[in-house]
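**Q** No letters, just coordinates:
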DNA sequence: CCGAGGGTGGTACCGCGGTACCACCCTCGG
DNA sequence: CCGAGGGTGGTACCGCGGTACCACCCTCGG
């Protein structure tokens, strides 16, 4: 276990909390990122409690280096700020968790245990946003983009469906089969889609659909 | 608060746990998805505790409908299985949380509180995988993919150039003009590219190029 | 020196894609 | 009630895309 924070009082608080746990062995301390990276390499702690805002190398960069070093250490970022930017950066840097310092001790301890076991934890307030983004990426974008690109908003619902099908690489015949239409109808729809979005052929429609994230 | 589970004993357990909370008011119960959807519409509970495996309409579908109905109800999925499939489906269906039934009561309660407040919770064991996928999606694809996809490495330099040109939506004639080739030659190259990457037509080649980040 | 493989070019042929029309039905708002 | 617009379906026609061949040249390694 390694506690990284530039404020001594804060380190002291964590230390007290951690030493109350039966399973926690030694606790190392570091006051800034560079020291954290060095001590993580020496002590090889299971878990590193990492503050973000620190003079010199910040917690994000320190996390990146510790994770990149390939050791078994897992980093749990603890910060007073619930800013999205920080959380994102921390998670991209390879942190196994992101909690707020104002979490109750029980939550904090549960989080530490989870990270020690190889799981991950994220503060509930952040989980919602993360989930939001995640599902946004999974599900096809909706009305938001339609407003962004005037060409898309010209399309009727049916035409939009057809465009997405074209974007998936389906032939007119396949689209006809899946939508239970005649191929003529599909051709008509595709033709109108091409005209409206200003595409020369369905290939440019595919590119258009990809660029707008429809597929 | 609405508890949805096909096992009466399980519902009883949750009920006992929930009624011990000061902030919890009434608790409704449903034994299958259809009843859950109906009761959610009537009772308008803050939180719905949803089991996945149930006879008839399962928890995923019930979640989808409750969320789609636009009410204020938030769904916390509770299941004995930590299978990725379930979790993904549940989250895509719009669930605000996904916890395992074997979580300790304190975690469960914390999860319910978080969801009631509009936050989201995910079981630590799942968070790790979700994070993994999330960060995988965030980072841009680069040269690594060339090595990753064996189909790309089969292409000669010329064929790769052609593939990229196809991905830009150029016709054979345009490619011929820009590369100062005959259209026949372009056709030959395109044909070989399609064969090597296993594409039916140039449209699927375009999609292939996009998916690999070539364009 | 020779063979393999990549790059180029050609011919012949078919089919799907795309355009240009037209027509009919349904729904909905003026 | 009627007209507009969306959805559907059809015919006719052309051209590009794709396949199946074949051929020739160049480079490079055995």
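**A** Yes, it's here. Fair warning: this is a prediction, and the values are worked out from it, not measured in the lab.
**Q** Residues of chain A that sit close to DNA strand C?
**A** Neighbours of DNA strand C within chain A, by Cβ under 7 Å from any atom of the strand: A:171-173, A:184, A:187-188, A:190-191, A:194-195, A:200-203. Placement of C-beta: from N, CA and C, glycine included.
**Q** max-length strand in chain A?
**A** Using DSSP state E, we find that the single longest strand of chain A is strand A:74-79.
**Q** for the host helix or strand of residue A:115, packing partners?
**A** Using DSSP states H and E, residue A:115 maps to helix A:105-116. With contacts taken as 3 or more Cβ pairs under 8 Å, 6 or more residues apart in numbering or on different chains; DSSP states H and E, helix A:105-116 sits against helix A:8-19, strand A:47-50, strand A:74-79, strand A:97-100, strand A:121-122, helix B:105-116.
**Q** So which other helices or strands are in contact with the first one?
**A** For helix A:8-19, the packing partners by 3+ Cβ pairs under 8 Å, 6+ apart come out as strand A:2-4, helix A:105-116.
**Q** State the next helix or strand along the chain beyond the lowest-mean-pLDDT helix or strand in chain A.
**A** The helix or strand of chain A with the lowest confidence, counting by mean pLDDT, DSSP states H and E, is helix A:143-148 at a mean of 44. Moving toward the C-terminus from helix A:143-148, the next helix or strand (DSSP H and E) is helix A:150-153.
**Q** got the domain boundaries for chain A?
**A** Here the domain assignment for chain A is A:2-136, A:143-211, based on automatic domain parsing.
**Q** now the helices and strands packed on helix A:105-116 in JSON lines, with distance to residue B:127, mean neighbour count and mean pLDDT?
**A** Formatted as JSON lines, the helices and strands packed on helix A:105-116 follow (distance: least, Cβ to Cβ, whole Å; neighbours: other Cβ atoms under 10 Å in any protein chain shown; pLDDT from 0 to 100):
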{"stretch": "helix A:8-19", "distance to residue B:127": "22", "mean neighbour count": "15", "mean pLDDT": "84"}
{"stretch": "strand A:47-50", "distance to residue B:127": "15", "mean neighbour count": "29", "mean pLDDT": "92"}
{"stretch": "strand A:74-79", "distance to residue B:127": "12", "mean neighbour count": "25", "mean pLDDT": "89"}
{"stretch": "strand A:97-100", "distance to residue B:127": "8", "mean neighbour count": "24", "mean pLDDT": "86"}
{"stretch": "strand A:121-122", "distance to residue B:127": "6", "mean neighbour count": "28", "mean pLDDT": "85"}
{"stretch": "helix B:105-116", "distance to residue B:127": "12", "mean neighbour count": "19", "mean pLDDT": "84"}
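**Q** what separates residue A:150 from chain B, distance-wise?
**A** Per Cβ to the nearest Cβ, to the nearest Å, residue A:150 is found 21 Å from chain B.
**Q** tally of neighbours for that residue?
**A** 9 (other Cβ atoms under 10 Å in any protein chain shown).
**Q** just residue A:3 next, same as before
**A** The local packing of residue A:3 (other Cβ under 10 Å) involves 26 other residues.
**Q** Is it bridged to anything, and to what?
**A** residue A:29, residue A:49 (DSSP bridges).
**Q** before we move on, the earlier item: now for whatever helix or strand comes next after the longest strand of chain A, which elements pack on it?
**A** Next in sequence after strand A:74-79, counting helices and strands by DSSP H and E, comes helix A:84-92. Here helix A:84-92 touches helix A:59-68, strand A:74-79, strand A:97-100, helix A:124-138, helix B:124-138, going by 3+ Cβ pairs under 8 Å, 6+ apart.
**Q** and residue A:54, helix, strand or coil?
**A** Applying DSSP: H, G, I helix; E, B strand; the rest coil to residue A:54 yields a three-state assignment of coil.
**Q** Can you get me a residue count around it?
**A** With other Cβ under 10 Å as criterion, residue A:54 counts 23.
**Q** thinking again about what came up before, so which of the helices and strands packed on helix A:8-19 comes closest to DNA strand D?
**A** helix A:105-116 (49.0 Å; Cβ to the nearest atom of the strand).
**Q** This completes my enquiry, with thanks.
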